[in-house]
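> need a structure here:
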Amino acid sequence: MAHADPKQHTSVKTNINVTEPPMFRLIYLNDNQTAMEFVVHSLVEHFNYIEPTAEQIANNIHLSGSAVVAVLPYEMAEQKGIEITMAARSAGYPLQIKIEPDLISL
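Purely as a prediction, here's the structure:
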């Protein structure tokens, strides 16, 4: 069994410069097949919006062609996008979701 040398000292340097991860916009794109009810439900289910707010966002998506529904770190935005796309496909809808860097947070 090896013994530690009592004369040897170990120093640890801690890096305290922590930066926040870059943020990404999760954007719903309008189409002519995805039901407004599905969009509203997905906003309530996946982003915890209250129903009136989700309805307003869904209407904005419909009128503008797209809308930012959340700004999240990349991994979270990507995961939400995958979950919602899978739910849309399971329900028979072609809902498209786009993720792009949020230039404001850079």
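> pLDDT value on the residue sitting nearest the centre point of the chain, please?
With distances taken as CA atoms, centre = their mean, A77 lies nearest the centre of the chain, 2.2 Å away. Looking at A77, its pLDDT reads 97.
> wait, it sits on P21?
No. With contact defined as CB atoms under 8 Å, A77 does not count as touching P21 (10.5 Å). Any C-beta I mention is one placed from the backbone N, CA and C, and that applies to glycine too.
> what about this protein, any weak spots by pLDDT?
Applying pLDDT under 70 to the chain flags residues 1-6, 9, 105-106.
> In it, what residue spans correspond to helices?
Using DSSP state H, the helices of the chain run over 36-47, 51-64, 74-90.
> List the buried residues in the longest one.
So that's helix 74-90. Under the neighbour-count criterion of 16 or more other CB atoms under 10 Å, helix 74-90 has 77, 80-81, 84-85, 87-88 buried.
> got the angle for it vs helix 36-47?
Counting by axes from the mean of the first three to the mean of the last three CA atoms, to 10 degrees, helix 74-90 lies at 150 degrees to helix 36-47.
> what sits up against helix 74-90?
With CB atoms under 8 Å, 6 or more residues apart in numbering as the test, helix 74-90 has contacts from 21-22, 24-26, 34, 38, 42, 46-47, 70-72, 94-97, 99.
> hang on, the earlier thing: in JSON lines: the helices of the chain, plus distance to V12.
Below are those laid out as JSON lines (distance: least, CB to CB, whole Å):
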{"stretch": "helix 36-47", "distance to V12": "41"}
{"stretch": "helix 51-64", "distance to V12": "48"}
{"stretch": "helix 74-90", "distance to V12": "29"}
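> So for K7, which of those helices sits nearest?
helix 74-90 (45.9 Å; CB to CB).
> Might you calculate how far that closest one sits from the centre of the chain?
Taking the mean of its C-alpha atoms, helix 74-90 sits 8 Å from the chain's own mean (CA atoms, centre = their mean, to the nearest Å).
> cool, and stretch 79-93?
Averaging C-alpha positions (CA atoms, centre = their mean) puts stretch 79-93 13 Å from its chain's average.
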